[in-house]
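> Kindly return the folded structure for what I paste below:
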Amino acid sequence: QVQLVESGGGSVQTGGSLRLSCAASGRTFSSYVMGWFRQAPGKEREFVASIGWNGGSDYADSVKGRFTISRDNARNTGSLQMNSLKPEDTAVYYCAAGRFSGTHNPSTYPYWGRGTQVTVSS
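Below you'll find the predicted structure:
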């Protein structure tokens, strides 16, 4: 079992930055792929980024070059640095843990946090 808690959301203007954090419980967190997803009102949950146990990362095209995912296995934490934010980045952001890398499908991630709101105003 893995329990996840996100923090760091908030409101910023276009072009601003935010850093989201994900605190995980469970001794086996380091063996999981950690992902970030987001869900805007009226839209489906979508993949943002993921990072494997060895640091290999993957990004949605919409955030490449602006967002950076990282993890600290010793501290059981992960983060998502978001720069050059746009209004279309506004959503609830979720941290997730799963066993399979290379997938953008939320159904492949069995463990989820409750989410943190990110609002970007123009």
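> So which residues of this structure form strands?
Taking DSSP state E as the criterion, the chain carries its strands at 3-7, 10-13, 18-25, 33-39, 46-51, 57-59, 67-72, 77-82, 91-98, 111-112, 116-121.
> helices and strands around the first one, which ones?
So the one you mean is strand 3-7. Under the contact definition 3 or more CB pairs under 8 Å, 6 or more residues apart in numbering; DSSP states H and E, strand 3-7 sits against strand 18-25, strand 91-98, strand 111-112. C-beta coordinates here come from the backbone N, C-alpha and C atoms, glycine included.
> what does the last one give?
The helices and strands touching strand 116-121, judged by 3+ CB pairs under 8 Å, 6+ apart, are strand 10-13, strand 18-25, strand 91-98.
> For Met67, which non-adjacent residue is spatially closest?
Not Met; residue 67 is Phe. Leaving out its chain neighbours, the residue that sits closest to Phe67 by CB to CB, 6 or more residues apart in numbering is Met82, at 5.1 Å.
> Nothing else from me, thank you.
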